[in-house]
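Undergrad: just coords:
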């Protein structure tokens, strides 16, 4: 087998292949079939060895055969490393060429494409500007709770005066015109609604102010009248007390005079006493009549005050009912507007034009479409 590994005296194809590989180990690295043939030739030689470990010669033959196989392996592996180094050198040359070619061709490509690139950048800016305008139309059409008729009118004027240039919008012109028209329609409708609502609120505030002013005036009049009547009652009571005091004083004087003249004028005293008693009865009756008249006047005044209070309460209730009805009408109008607006948007989502969608919703709401209704 040793001769098979190091010479080509045997002219069989196997020994010739072994000799070729020994001369150029790299042959079997790029040809698997040749390696298989080479391996079978070596294995044929190693199979002829009859291992004998009982003698020194036999042991040396085993070691020698193993060494030769290992040497062949080392030679083939070294050849493979050399091939790898050569391949890496070629790869490095190719990579450097690739980088140089890639950079130059990329630069040339960018130079050739520059007019198109610049046009695309301008086109992107144009489209972005158009989309921003369309977004502004969409945003302007949204009416919030903070909006007033004045703010809506200002937005409507701004949108109305926004010009749509054919050269600027190009293929986006139909979309821009649609959303511009939709914004104008929505803002116009919102302006009409808010104008009416603000007018209704102003009218309600005016009615409330008038009612408050009228109630304050009536309250002041009632208080003034009550004060006047109280003053009159106090004056009458003072006059009555003064009259009673004067009468009592006269009684005391008369009694003293009567006691001084009692013996001489006994008959006249009895007559005078009778007359005084009659006068006192008449005076008491007059006082009682005066008190009855005062009580009747107070009762009449209280009845009038109660009547005025009832009329004021009824008027305030009527005004509150009118205000509640106006608020309910405003809420119902806003609610119906939202429902009809949502129905319009849903119908437009089916491909129907906006104006046609508005006409359909109004016809349904008016009951002109049989078997179809809107639930508010």
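TA: That came through, no problem. Small disclaimer: the values here were computed from a predicted structure and weren't measured.

Undergrad: and the pLDDT for the spatially most central residue of the chain?
TA: Per C-alpha atoms, centre = their mean, the C-alpha nearest to the average position across the chain is that of residue 144, at 10.3 Å. Residue-level confidence at residue 144 comes out at 87, pLDDT.

Undergrad: in three-state terms, how would it be classified?
TA: Residue 144 falls in the coil class when you classify it by DSSP: H, G, I helix; E, B strand; the rest coil.

Undergrad: let's number from 497 now, not from 1
TA: New numbering, starting at 497: the last item is residue 640.

Undergrad: quick one, phi psi at it?
TA: Backbone geometry at residue 640, expressed as degrees, to the nearest 10, gives phi -100, psi 170.

Undergrad: state the distance from it to residue 842.
TA: 22 Å (C-beta to C-beta, to the nearest Å). For the C-beta atoms, the positions are set from N, CA and C on the backbone; glycine is no exception.

Undergrad: ok, residue 675 next?
TA: Separation of residue 675 from residue 842 (C-beta to C-beta): 18 Å.

Undergrad: out of the two, which sits in the busier spot?
TA: A direct count of neighbours by other C-beta atoms under 10 Å for residue 675 and residue 842 places residue 675 higher, at 20 against 12.

Undergrad: contacts only, for that one.
TA: Residues near residue 675 by C-beta atoms under 8 Å, 6 or more residues apart in numbering: 630, 633-634, 637.

Undergrad: that one - nearest residue in space that isn't next to it in sequence?
TA: Nearest-residue entry for residue 675: residue 633, 4.0 Å, with adjacent residues in sequence omitted and distances by C-beta to C-beta, 6 or more residues apart in numbering.

Undergrad: ok, now how distant is the one you found from residue 663?
TA: Residue 633 is 19 Å from residue 663, by C-beta to C-beta.

Undergrad: who has more neighbours out of these two?
TA: Neighbour totals were compared for residue 633 and residue 663, and residue 633 leads with 23 against 7 (other C-beta under 10 Å).

Undergrad: ok, that one touching residue 676?
TA: Yes - counting by C-beta atoms under 8 Å, residue 676 is a contact partner of residue 633 at 5.0 Å.

Undergrad: biggest helix in the protein, by residue count?
TA: Assignment by DSSP state H gives helix 669-756 as the longest helix of the chain.

Undergrad: need the pLDDT of the residue nearest to residue 675.
TA: Predicted confidence (pLDDT) for residue 633: 88.

Undergrad: before we move on, back to that, ok, now which ones touch the residue nearest to the centre of the chain?
TA: Counting by C-beta under 8 Å, 6+ apart, residue 640 touches no other residue.

Undergrad: could you list the low-pLDDT ranges of this structure?
TA: For the chain, the stretches flagged by pLDDT under 70 are 497-513, 517-519, 750-754, 756-760, 763.

Undergrad: can you pull out the helices in it?
TA: Counting by DSSP H, one finds helices in the chain at the ranges 498-502, 509-519, 528-544, 552-636, 645-656, 662-665, 669-756, 762-844, 850-861.
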